[in-house]
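Enquirer: Structure of the sequence below:
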Amino acid sequence: MKKTFKVFALMLLTAFAFSSCVDVPAPFNLPDKSSSTSGDGGSSTNEGTPVTCAQAAELTKALADGATSTETYTITGYITEVIGDVSRNQQTFWMADTKDGGRVFEAYWANLPDGVTAFTAGTKVKITGKLMKYVNANNGNVTPEMKNATVEILADDGSGDTPAPAGTEVTCAKAAELAKALADGATSTETYTITGYITEVVGSVSKNQQTFWMADTKDGGKVFEAYWANLPEGVTAFTVGTKVKITGKLMKYVNATSGQVTPEIKNPTVEILPDDGGNTPAPAGTEITCAKAVELTAALADGATSTETYTVTGYITEVIGNVSRNQQTFWMADTKDGGRVFEAYWANLPEGVTAFTVGAKVKITGQLMKYVNASGQMTPEIKNATVEIVEDGGDDPTPGPQGEVREVPCSEARLITETLNDGATSAETYAVTGYITEVIGNVSRNQQTFWMADTKDGGQVFEAYWANLPTGVSAFVVGMKVKITGQLLKYVNASGQMTPEIKNAEVVILEKGDDGSGDEPTPGTGGDPVTDLVNGDFESWVNDAEATGWKSACSASNAAYSKSEDAHGGTYACQIAAPGAANKRLATQELTLEAGTYTFSFYAKSTTANASQTRPGHVTLKADGSVDTYYYPKNGTESVYFNLKNDEWTLVTYDFELTDRTTLCLIVMNPKNSTYSVSQDILVDDATLTKK
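Expert: Residues are numbered from 1 along each chain as shown. Predicted structure coming up:
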């Protein structure tokens, strides 16, 4: 009898140990279940209430945050995306009711059936377990999931190939209007089918999905977003100019940092349509001058767009940033030397034009918009304007008449500039002579920015902003003696800091200098610039919360950031939000670099007087694009952090070596609260990557 009791007790203990493992979120090995293996090789348990993926998602979202259902469910559907590698005979995947249904329900660390080495997208499966509503503590995103589910592989009956039912047919403009009318973060109950043209493709393909913007015409700009849209069979990537039909439910996405609204469909099905010539230009608008455009824009409500279309004629006075996806930003005025009057924000380059040029006479068409930033500064603009070149500005980017040129040293040029009104340009032309003391950022379209002084070690006295490189000179070098010519400008940023400068100056090299050896304060170690680093100067922005080139497809990017006008060089810097209790990373888009030694450098500054730090680094990526290993600078075994100040910029440099061709992301870390650092926003600007 005692022996029987001990056996019974042992059985109870074993059963308890098994049941206590069910909710462990990390991978683990389940006890041998070969005795319950079904005839088709899958592991079976007691069947739960049968539901579809869509029903499971709805039931889960109705639970309290973090809660698990008391009832067991069995969900049948198709694997649409496999996440990460197999670990301890488990793997995570997303599933849906159709093969192209996108991310509907997640099987988190599901158990592989006997004989199956990995899950595969497109497989029809049946998973059994309890539903759980997982809520991300950082962003509040909800994931409907089942943890450690048992999985049965089913025969494919072809039902999963049925496309989603066609929705109500609408244009891109109408879809955007309907989406914006929803509550923040809400999804429409009705399904819609939107027809239009792809105007911009965002990022790379990941797990057979890719994001793009679309509009009712080929040059219509960013009207409606297809977020992680499913690639049709046989299509390897989406292409700008393609006519498409997308189907799904509308969603109003609101950026938590900037409040910017994006009208979108997530994971839509996509049909490629024949091109019927959707490159019809936008209708001509009411003809007005730049000054009149500013007056009309100023009368709008903050953030509002005019209902009427306008055509604004004037001269390009300043080009901002590089060309990105056949668009570029510029300022214009009614005269060549009129300064910043009206902005063409991400204007479309006409066919055959590779970049906009200062001095060109242009005609831009679109709706006026009154953009107001966080500090209350107003920018009158047209977004994604169509552009007609009326007169070619030639190669001379220097605005205004030259007349008699007055020669002055850097110190005198600074004093004269300080007497100007904020934002004003001198009527007289000056030739400023001195030594280059610091080079800012990389060369872009044969221009580069630098600081100069009357002596080699004189520091930041006068700035040559996007100065033109002389013929035969590939880059400016610290120590060069130069003469720059142009009109003085008193630039004042939002924080009241004044920069005396000449924009787009003509430069004569008087002495070649020492090639930067010795006391070179420029980022990097004098190596060759790596052009794979996109937008290191943070002058190009997709929107106020996304800088071009600074968003990884992998999980390396976990920081919230925004555009700042407190810049080290140029107009903008990147402000990384306070991390709180967890380190946050600003990461570049994925780069593939050859073997060699590299230097990643940037300037950083804190936003308060409290103790603040940053840490540079990089992360290597696996073949599937997921994160592999993070690397940061160390002094022996001790981690290296860079202390920051709020009244001056600190140069941060990080050397690393690659022994093989490697795909990676560069990282700027904003550290969490600690005994040596206070969680706060930090500023980053003028990043460079050089190879020795």
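
Enquirer: low pLDDT regions in this structure?
Expert: Counting by pLDDT under 70, the chain shows low-confidence ranges at 1-46, 156-166, 207, 275-284, 324-325, 374-375, 393-404, 445, 471-472, 513-527.

Enquirer: which stretches of it form helices?
Expert: 2-19, 53-61, 172-180, 290-298, 410-418 (DSSP state H).

Enquirer: just how off-centre is the second one within its chain?
Expert: In other words, helix 53-61. Taking C-alpha atoms, centre = their mean, to the nearest Å, the mean C-alpha location of helix 53-61 is offset from the chain mean by 31 Å.

Enquirer: when you give positions from now on, start the count at 40
Expert: Will do, 40 is the new start, and the previous item becomes helix 92-100.

Enquirer: ok, for the residue nearest in space to the middle of the chain, nearest residue in space, not its chain neighbours?
Expert: The chain has residue 590 as the residue nearest its centroid, 3.7 Å off, counting by C-alpha atoms, centre = their mean. Of all residues not flanking residue 590 in the chain, residue 596 sits nearest, at 5.6 Å (C-beta to C-beta, 6 or more residues apart in numbering). Every residue, glycine included, has its C-beta placed from N, CA and C.

Enquirer: got the contact list for that neighbour?
Expert: 589, 590, 624, 625, 626, 704 (C-beta atoms under 8 Å, 6 or more residues apart in numbering).

Enquirer: could the residues you listed go into JSON lines alongside distance to residue 145?
Expert: Shown next, in JSON lines, are the contacts of residue 596 (distance: C-beta to C-beta, whole Å):
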{"residue": "589", "distance to residue 145": "28"}
{"residue": "590", "distance to residue 145": "23"}
{"residue": "624", "distance to residue 145": "24"}
{"residue": "625", "distance to residue 145": "27"}
{"residue": "626", "distance to residue 145": "24"}
{"residue": "704", "distance to residue 145": "25"}
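
Enquirer: Just the ones in strands from those, please.
Expert: The strands, defined by DSSP state E, take in 624, 625, 626, 704 from the contacts of residue 596.

Enquirer: and of those residues, the nearest to residue 606?
Expert: Nearest to residue 606, judged by C-beta to C-beta, of the ones in strands among the contacts of residue 596 is residue 625 at 15.7 Å.

Enquirer: List the contacts of the closest one.
Expert: Here residue 625 is in contact with 589, 596, 598, 600, 613, 615, 706, 707, 708, 709, 723 (C-beta under 8 Å, 6+ apart).

Enquirer: Quick check: bridge partners of residue 368?
Expert: Counting by DSSP bridges, residue 368 is bridged to residue 359.

Enquirer: correct me, but it touches residue 357?
Expert: No: the criterion here is C-beta atoms under 8 Å, and residue 368 misses it with residue 357 at 9.3 Å.

Enquirer: so who does the closest residue to residue 88 other than its chain neighbours touch?
Expert: Spatial nearest neighbour of residue 88, chain neighbours left out: residue 112 (5.1 Å); criterion: C-beta to C-beta, 6+ apart. Neighbour list for residue 112: 87, 88, 89, 90, 95, 98, 167, 168, 169, 170, 185 [criterion: C-beta under 8 Å, 6+ apart].

Enquirer: Could I have the buried ones of the residues you listed as ChimeraX selection syntax?
Expert: To isolate the buried ones among the contacts of residue 112 in ChimeraX, judged by 16 or more other C-beta atoms under 10 Å, type:
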select :87,90,95,98,167,168,169,170,185
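
Enquirer: Arrange the contacts of residue 112 in JSON lines, one row each, with distance to residue 212 as further columns.
Expert: Shown next, in JSON lines, are the contacts of residue 112 (distance: C-beta to C-beta, whole Å):
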{"residue": "87", "distance to residue 212": "45"}
{"residue": "88", "distance to residue 212": "43"}
{"residue": "89", "distance to residue 212": "42"}
{"residue": "90", "distance to residue 212": "37"}
{"residue": "95", "distance to residue 212": "35"}
{"residue": "98", "distance to residue 212": "36"}
{"residue": "167", "distance to residue 212": "45"}
{"residue": "168", "distance to residue 212": "44"}
{"residue": "169", "distance to residue 212": "44"}
{"residue": "170", "distance to residue 212": "39"}
{"residue": "185", "distance to residue 212": "40"}
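
Enquirer: Out of the contacts of residue 112, the closest to residue 464 would be?
Expert: Among these, and counting by C-beta to C-beta, the member closest to residue 464 is residue 95, at 63.7 Å.

Enquirer: Give me the distance between that closest one and residue 210.
Expert: Plainly put, residue 95 is 34 Å away from residue 210 if you go by C-beta to C-beta, to the nearest Å.

Enquirer: just residue 531 next, same as before
Expert: From residue 531 to residue 210 the distance is 44 Å (C-beta to C-beta).

Enquirer: Who wins on neighbours among the contacts of residue 625?
Expert: residue 709 (30 neighbours; other C-beta atoms under 10 Å).

Enquirer: residue contacts, the residue nearest to the centre of the chain?
Expert: 242, 596, 626, 628.

Enquirer: which of these sit farthest apart?
Expert: Taking C-beta to C-beta, no two of those sit farther apart than 242 and 626, at 12.9 Å.

Enquirer: Of the two, which one has the most company?
Expert: residue 626 (25 against 15).

Enquirer: In the sheet, which residues pair with the more buried one? Tell me.
Expert: Bridge pairing for residue 626 - DSSP bridges - gives residue 706.

Enquirer: same check, this time on residue 428
Expert: What pairs with residue 428, by the bridge criterion (DSSP bridges), is residue 401.

Enquirer: my read: it touches residue 392, true?
Expert: Yes: using C-beta under 8 Å, residue 428 and residue 392 qualify as a contacting pair, with a distance of 6.6 Å.

Enquirer: Domain ranges for the protein, per the record?
Expert: 62-200, 207-312, 325-430, 444-550, 567-730 (automatic domain parsing).

Enquirer: Dihedrals phi and psi, the residue nearest to residue 590?
Expert: phi -80, psi 110 (degrees, to the nearest 10).

Enquirer: where's it relative to residue 588, distance?
Expert: Relative to residue 588, and taking C-beta to C-beta, residue 596 is found at 11 Å.

Enquirer: ok, the residue nearest to residue 182 when sequence neighbours are not counted - contacts?
Expert: Spatially, and ignoring its direct neighbours in sequence, residue 182 is nearest to residue 173 (4.4 Å; C-beta to C-beta, 6+ apart). Each residue near residue 173 by C-beta under 8 Å, 6+ apart is listed here: 105, 147, 181, 182, 183, 184.

Enquirer: Give the PyMOL command for selecting the buried subset of those residues.
Expert: Selection command for PyMOL covering only the buried members of the contacts of residue 173, criterion 16+ other C-beta under 10 Å:
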select buried, resi 147+182+183+184
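
Enquirer: between the contacts of residue 173, which is nearest residue 604?
Expert: Relative to residue 604, and with distances defined as C-beta to C-beta, the nearest of the contacts of residue 173 is residue 181, at 35.2 Å.

Enquirer: Against residue 184, how distant is the nearest residue to the closest one once chain neighbours are set aside?
Expert: Spatially, and ignoring its direct neighbours in sequence, residue 181 is nearest to residue 174 (5.5 Å; C-beta to C-beta, 6+ apart). Going from residue 174 to residue 184 by C-beta to C-beta gives 11 Å.

Enquirer: ok, now residue 253?
Expert: As for residue 253, its distance to residue 184 is 31 Å (criterion: C-beta to C-beta).

Enquirer: Kindly report the same for residue 221.
Expert: For residue 221, the distance to residue 184 - C-beta to C-beta - is 25 Å.

Enquirer: next one: residue 662
Expert: 26 Å.

Enquirer: Then residue 538?
Expert: In terms of C-beta to C-beta, residue 538 sits 52 Å off from residue 184.
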